[in-house]
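Visitor: Build me a model from this:
(one chain, ligands or ions: 1)
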Amino acid sequence: MVGYKFMGKAHSHAYKDVGMFFETNADVVMKAICGRDEQGVKAAADKFGWESYETDWRKLVEREDIDIVDINAPSDAHKEITLAAIAAGKHVFCEKPLALNLADGREMLAAAEKAGVKHAICFNYRFLPAVQLAKQIIDEGRLGEIHHYRATYLQDWLVDPNFPLAWRLKKEVAGSGAHGDLNAHSIDLARFLIGEFDRVIGHNRTFVKQRPIPESSEGLSGNGSAEYGEVTVDDATGFLADFKNGAMGMFIASRFATGRKNHNTFEIHGSKGSIRWDLERLNELEVYFREDEPNLAGFRTINATDASHKYAGNWWPVGHAIGYEHGFVHIVYEFVKHIMEGTPFTPTFLDGVRCQEVLEAVDLSIERGAWVSIEEV
Ligand code: SOE
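Guide: Here you go, the predicted model:
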């Protein structure tokens, strides 16, 4: 694994738990974790349960005792490490967004396909039981023809103008701001649930343009110094979309949504019914079906915790809720199973590229002030 901060912890937890709750036909052994700061990575190795650590990812990807390389370092590191890991014959599990830009993402996909290694992008939210249920309801046609898709991904950790200029606020390291970090998830969920985008038009803002250079920063917190630097990414990006199936879409990602901490939602309206999901109540799916008798019709909440729900039965008895971290366990389980048994697996780098196409089409539409077709990018 390359990276040991917020995502490094979430992924480590997944590798640690997967064998205890799921049958993968593999011994998942946490061989080595890598980071540039020796003290930091050593502490992470001990705490997260890795057998060893490296400070140079080049050494890590060459190691003979490693089959999968997991990359959760900042986005600017994804391409180089992925290409080296693929060249060394490793399977790759990469965090989102796949790359800094579409061209890099396409290069990563082509390299993985050519080498015949397995590849995955960590769109973890697909793997929550209530989201799987949403997919099943749509695939079974229970919502009928889809008319509307609305997604929000709202956080508020940047509303404080003194929050430091962390790596997520620098274009050369992160690729983009709320757009690539948060809309990437919403775009992926929309593709997963209702299908491909046709065209988009967006707008964005950087509300605070200068921020203190960090003295320290980790995850979504940090301390600033007295010196200031420029924010080079969006604080918020919203866009409208037309889908290939005729549905209309609205998306908003913001790190300035005061009071909203991790408000990842979708609401979908079809000719026969509607569904609504919110990460902050992640075991629940709200459903409305027009076929219900008029005097009983209304939104009701399904609690996706019993064994009839995908993945839920591997955990606890009905009603014992699971959380954010479990989505990572489920995606790791599917990826390892796929490697062992060759069973179908998504999301791959292709999904990473498709997502990046939509992200870039939105950026282009903002530049032009006009709709942009996905085929154009
Ligand atoms: C930070 O905005 C972040 O951790 C994202 O990078 C994740 O992908 C998202 O799931 C939660 O918020």
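
Visitor: Can stretch 130-150 be said to contact the ligand?
Guide: No: applying Cβ under 6 Å from any ligand atom, one finds stretch 130-150 separated from the ligand by no less than 13.0 Å. Heads up, the C-betas are built off the backbone N, CA and C, glycines and all.

Visitor: Buried residues in that stretch, which are they?
Guide: By 16 or more other Cβ atoms under 10 Å, the buried positions in stretch 130-150 come out as 130-134, 137-138, 143, 146, 149-150.

Visitor: Give the helix, strand or coil label for His78.
Guide: Assigned with DSSP: H, G, I helix; E, B strand; the rest coil, His78 falls in the helix class.

Visitor: And for the one 3 residues further on?
Guide: Here Ile81 is helix, with the state taken from three-state DSSP.

Visitor: same thing with Ala85?
Guide: Recorded secondary structure, Ala85: helix (three-state DSSP).

Visitor: before we move on, what about Gly238?
Guide: strand.

Visitor: helix or strand for the residue lying closest to it once chain neighbours are set aside, which one?
Guide: Using Cβ to Cβ, 6 or more residues apart in numbering and skipping residues adjacent in sequence, the residue nearest Gly238 is Ile252, 4.2 Å away. Element membership of Ile252, judged by DSSP states H and E, is strand 248-254.

Visitor: Spell out which parts of the stretch 51-200 of the chain neighbour the ligand.
Guide: 155, 181, 185.

Visitor: The helix or strand hosting the last one to strand 248-254, inter-axis angle?
Guide: If I follow you right, that is His185. Using DSSP H and E, His185 falls within helix 184-194. If you take axes from the mean of the first three to the mean of the last three Cα atoms, to 10 degrees, helix 184-194 sits at 160 degrees to strand 248-254.

Visitor: what about stretch 174-194, how long is it end to end?
Guide: Start and end residues of stretch 174-194 are separated by 28 Å (Cα to Cα, to the nearest Å).

Visitor: Ignore what I typed, I meant stretch 153-162.
Guide: Terminal residues of stretch 153-162 are spaced 22 Å apart (Cα to Cα).

Visitor: Next, the residues that contact that stretch from outside, please.
Guide: 163, 169, 178, 182-183, 185-186, 207-208, 211-212, 220-221, 224, 235, 252-265 (Cβ atoms under 8 Å, 6 or more residues apart in numbering).

Visitor: what's the spacing between the nearest residue to Glu284 once chain neighbours are set aside and the ligand?
Guide: Excluding the flanking residues, the one nearest Glu284 by Cβ to Cβ, 6+ apart is Thr301, at 5.0 Å. To the ligand, Thr301 is 23 Å away according to Cβ to the nearest ligand atom, to the nearest Å.

Visitor: contacting residues for the closest residue to the ligand within the stretch 151-300 of the chain?
Guide: Closest approach of the stretch 151-300 of the chain to the ligand (Cβ to the nearest ligand atom) occurs at Asp181, with a separation of 4.7 Å. For Asp181, the contacting residues are 97, 168, 174, 253, by Cβ under 8 Å, 6+ apart.

Visitor: which stretches of this structure have low pLDDT?
Guide: Within the chain, the stretches with pLDDT under 70 are 217-219.

Visitor: Break it down into its structural domains.
Guide: 6-122, 126-321+348-368 (automatic domain parsing).

Visitor: Let me see the contact set for Thr55.
Guide: Residues near Thr55 by Cβ under 8 Å, 6+ apart: 34-38, 41.

Visitor: one more time with 7 Å, if that's ok
Guide: If a contact means Cβ atoms under 7 Å, 6 or more residues apart in numbering, then Thr55 has 34-36, 38, 41 as its contacts.

Visitor: got a list of contacts for the lengthiest helix in the chain?
Guide: In the chain, with assignment by DSSP state H, the single longest helix is helix 349-368. Contact partners of helix 349-368, identified using Cβ under 7 Å, 6+ apart, comprise 96-99, 102, 105-106, 108-109, 112, 119, 121, 123, 176, 179-180, 183-184, 187-188, 191, 197, 200-204, 237, 239, 371-372, 374, 376-377.

Visitor: Tell me the buried residues within those.
Guide: Looks like the contacts of helix 349-368 have 96-99, 102, 105-106, 108-109, 112, 119, 121, 123, 176, 179-180, 183-184, 187-188, 191, 197, 200-202, 204, 237, 239, 372, 374, 377 buried, using 16+ other Cβ under 10 Å.

Visitor: burial of the residue nearest to Gly249 when sequence neighbours are not counted, as a residue count?
Guide: Computed as Cβ to Cβ, 6+ apart, the closest residue to Gly249 that is not its neighbour in sequence is Ala241, at 3.5 Å. Other residues within reach of Ala241, judged by other Cβ atoms under 10 Å, total 24.

Visitor: so Ala241 is in which element?
Guide: Per DSSP H and E, Ala241 falls inside strand 236-243.

Visitor: Quick one: list the elements packing against that strand.
Guide: Counting by 3 or more Cβ pairs under 7 Å, 6 or more residues apart in numbering; DSSP states H and E, the packing neighbours recorded for strand 236-243 are strand 197-205, strand 248-254.

Visitor: same thing but at 8 Å, please
Guide: Judged by 3 or more Cβ pairs under 8 Å, 6 or more residues apart in numbering; DSSP states H and E, strand 236-243 is in contact with strand 146-154, helix 184-194, strand 197-205, strand 248-254, helix 349-368.

Visitor: Does Ala307 touch Trp315 like I think?
Guide: No: the criterion here is Cβ atoms under 8 Å, and Ala307 misses it with Trp315 at 9.4 Å.

Visitor: List the contacts of Val117.
Guide: Contacts of Val117 (Cβ under 8 Å, 6+ apart): 86, 89-92.

Visitor: Please apply the same query to Arg191.
Guide: Taking Cβ under 8 Å, 6+ apart as the test, what Arg191 contacts is 197, 351, 354-355, 358.
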